[in-house]
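>>> attaching a predicted model along with its sequence, questions to come.
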Amino acid sequence: MKIRLALFGALTLGLLGTLGAQIQRLDLPGMIGDCDHAVFAKIVACHTEEIVHPVEGPEVMTTLTLTGESLYDGSAVTVDVSFLGGFEPGQVNSEAPVADDCRVGSQIVAFYTWTDRLLPDVGANALHAAHGGIYRTVDGPTGTVILGRGDGFAVKNNVKVGDLRKAIATVRQAQQRKED
Amino acid sequence: MRIAKTIAGGLALGTALLLVSPKESQGFSLLGHSLGQGQRDFRVFNNFDNNAANNNQTPNTNYPGYFGAVMAIWKGCVEWGSAEHGSDVAIGDGNANFDPSFQGEDNDNGGNTGNTHAMILSDNPGVFAFQSGGSNGWRIRYHQNWNWADGPDGINGGQADIQGIGCHEYGHALGLGHSADGAATMANGTSVGVTGTRSINNDDSAGLQAIYGAKSGSKPEITDLSYDMQTSEVSITGFNFNASGNEVWFTQAGIGGNGTPIKATSVNSTSGGTQIDLSLPAGAGQGDVLVRTTSGHAGLSNAWPLDFDPPPPIEVAISVVIPSTLQALWPTNDQAITLIGTGFLGTTAVTIDSVPVQTFPLAFTVVSDNEITLELPLLDTLGLVEIEISGSQGTGSTFVNVVAPPAPVLRLGAGGELEAMNSLSPHVLRMGGQPSNVTFLWVSASDLPTPVPGLFDLDIGNFATSLFYMGAFTIESKGWVETAFQFNGLPFLTNIYWQGVEYDVGSPTFPIPATNVAAGLWTF
């Protein structure tokens, strides 16, 4: 069991490393300090559209509809989270998550932040740090595990959902104390 | 069984991964495309809108004719080049059969395949920039929500480095994915305040060489270049030039175009393929020169800067005046204006319609080589007024438009909030408005109003119980008129309030518009 999980995790780490853009290096405290929310959720819909702006021209945006629970307080959450780029030829850009990260039916962890201008006239909950804000999960015999993505990512190592929930709570408490 | 199947599946996946992943000792990854010679051009649409993105205005002979964000992105791209860029030994570490061709500035964002860097009007949390496209053209976009900085040296902790991030994104454009080497320019993420990604490391160049091949011994290379401004002759020194049939690529002059280099074709070399002499082709400007000998990746030389040497003299030029339209009279003080341009350092004199401005104390300030501020004194004319600056670097001039005040104006003395008054000398009052209109003037010791329904409303006079009529004054053609009054015998620290109404003789309006209140404090 241990071998299977480790092998799968390492393979997935390799897959996720091939695409991306210049995103911000963030560890978990950095991500929690910057983003609005984190959820553990199922992708129930994935929709890609082209939006044309008179100055910027056409831009592609993909929106994932997520249904699950908040990693902050455990409440039920249904939210649309978006990023620039899509999956068809000509739509892909270096900041977008790969198609495998966004499969409908997958359970993922997502960090997101509201922006009034993901595109010039479009406000949305943006996947924070784009592909750096989404993490795949696998179901293991001892629970669901989030696949870590190495140094510079909010979830660096493989971690169980429950443990990530606790880690987020610890980070938020520390940040709250600092603000107080 | 379950375990065996899983391991077999995992091994299959692993095999597939090995086809695209780097060797265990290397971090780079490949996106699966490359740029042919037809896609080596890159341009910049300089729509970066924060100050730090374009505050580097120091000329650099290795990046001639361009500044700010354009220079920074130029450096970021040619860092992938096969050899040092001119005398800039810090740039050009690719050591592969790859060199980009700088093509100046674009006049828009270039669309999806224009090979243009541009800022995008988007606030994308956690994302600095992105690249899209591939072998048939690409684009790079920088999100607007960051505090972009052009360097050229260090940047502040809260700033995003245009050169370094541009270098990373151009790495994607030429075919590299992210590197597992955290120290590589192509590492996945970066941070504000970081400039380390400006310089590619061994892993980055290994990735570049995996796509384009290690620099070939037969690749043409430029080692020096000179340009004679008098004859427009370009002299290129290097090696591996063809005896005949070379193409020499130049950066386009001006802004816009389509990115295609300005090319001189069918060019011969001399001295055993080490010297090319040619005339600067029409449309070519300062920028980069490359020599093409064949169509393959190894057939294009490194880029070498072409600087118009000797550098042209710094021109003293005023490009912007803020504001460009001024009122002839302002209630409080002389109007401050700002001149924006070039060559201002060394300015020793400013004249307004050929009349020197006050030199002691100095009525103008040379803020920088690009900015002068001065206070415009009262003028005797409306319309265009010439402002000329002169100094050690030459002379430049511009015009401002002086207009009659659109609303009635009253200024007492220097226009201070509470003008000190005494019996020693007359006090000057100036009334501004449309020429030929008449200003009726009153004075009062009260700042309580005096409404005259249907006629005018004064803010002084206490319902005419403390209101003294001081006369009617016709606005002169210069947009203002001046008079003076002298008092004595008033109690110490008496407040004195002045106000007028401006009557339009030609087209009267009611109520007659009033001036501002000018206040004085009687002392002795």
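Yep, that arrived.
>>> every contact and neighbour count from this point should use C-alpha atoms.
OK.
>>> contacts only, for the residue of the stretch 1-150 of chain B found nearest chain A.
Of all residues in the stretch 1-150 of chain B, B:Gly126 sits closest to chain A, at 3.8 Å by Cα to the nearest Cα. B:Gly126 makes contact with A:23-24, A:128-130 under the criterion Cα atoms under 8 Å, 6 or more residues apart in numbering or on different chains.
>>> pLDDT score for it?
B:Gly126 is assigned 96 on the pLDDT scale.
>>> excluding its backbone neighbours, what's nearest it?
Closest residue in space to B:Gly126, ignoring its immediate chain neighbours: A:Ala129 at 3.8 Å, by Cα to Cα, 6 or more residues apart in numbering or on different chains.
>>> next, the buried residues of stretch A:70-88.
By 16 or more other Cα atoms under 10 Å in any protein chain shown, the buried positions in stretch A:70-88 come out as A:70-72, A:78-87.
>>> now, which of the residues you listed sits nearest B:Phe67?
A:Leu84 (30.2 Å; Cα to Cα).
>>> the residue of chain A found nearest chain B: neighbour count?
Among all residues of chain A, A:Ala129 sits closest to chain B, at 3.8 Å; criterion: Cα to the nearest Cα. Residues contacting A:Ala129 under the criterion other Cα atoms under 10 Å in any protein chain shown number 30.
>>> how is chain B divided into domains?
B:23-212, B:221-306, B:317-403, B:409-522 (automatic domain parsing).
>>> lowest average pLDDT across those domains?
Looking at the domains of chain B, the bottom one is domain B:317-403 with a mean of 87.
>>> just send the contacts of B:Gly126 back as TSV, with pLDDT and distance to B:Pro281 too.
Shown next, in TSV, are these (pLDDT from 0 to 100; distance: Cα to Cα, whole Å):
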residue	pLDDT	distance to B:Pro281
A:Ile23	91	42
A:Gln24	92	44
A:His128	97	49
A:Ala129	95	46
A:Ala130	94	45
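>>> closest one to B:Asp99 out of those, please.
Nearest to B:Asp99 among those is A:Ile23, at 25.8 Å by Cα to Cα.
>>> which positions in whichever helix in chain A runs longest come out as buried?
Taking DSSP state H as the criterion, chain A has its longest helix at helix A:161-179. Neighbour-count burial for helix A:161-179 flags A:161, A:164-165, A:168-169, A:171-172 (criterion: 16+ other Cα under 10 Å).
>>> how far off centre is it?
18 Å (Cα atoms, centre = their mean, to the nearest Å).
>>> what packs against it?
Judged by 3 or more Cα pairs under 8 Å, 6 or more residues apart in numbering or on different chains; DSSP states H and E, helix A:161-179 is in contact with helix A:28-34, strand A:143-146.
>>> of these, which is nearest B:Thr515?
Nearest to B:Thr515, of all the helices and strands packed on helix A:161-179, is helix A:28-34, at 53.3 Å by Cα to Cα.
>>> quick check, the helix or strand following that closest one touching chain B?
As assigned by DSSP states H and E, the chain's next helix or strand after helix A:28-34 is strand A:37-53. No. Counting by Cα under 8 Å from any Cα of the partner chain, no contacts exist between strand A:37-53 and chain B, the nearest distance being 10.1 Å.
>>> partner strands of strand A:37-53 and their direction?
Paired strands of strand A:37-53, with direction, are strand A:57-70 (antiparallel), strand A:107-119 (antiparallel) (DSSP bridges).
>>> mind putting those in TSV, mean pLDDT and distance to B:Gly296 included?
Below are those laid out as TSV (pLDDT from 0 to 100; distance: least, Cα to Cα, whole Å):
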stretch	mean pLDDT	distance to B:Gly296
strand A:57-70	95	33
strand A:107-119	97	39
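>>> deepest of these, which one?
Burial among those, expressed as mean neighbours by mean count of other Cα atoms under 10 Å in any protein chain shown, is greatest for strand A:107-119, which shows a mean of 23.
>>> tally up the residues packed near B:Gly154, please.
13.
>>> got the contact list for it?
If you count contacts by Cα under 8 Å, 6+ apart, then B:Gly154 has B:Thr195 around it.
>>> quick one: it is in a helix?
No. Checked against DSSP: H, G, I helix; E, B strand; the rest coil, B:Gly154 lies outside a helix; its state is coil.
>>> from B:Ile200, how far out is it?
Note on B:Gly154: its distance to B:Ile200, by Cα to Cα, to the nearest Å, is 17 Å.
>>> once you drop chain neighbours, what's closest to the residue nearest in space to the middle of chain B?
In chain B, the centroid-proximal residue (Cα atoms, centre = their mean) is B:Asn54; its distance is 5.2 Å. Leaving aside its sequence neighbours, B:Asn54 sits nearest to B:Gly68 (Cα to Cα, 6+ apart; 3.9 Å).
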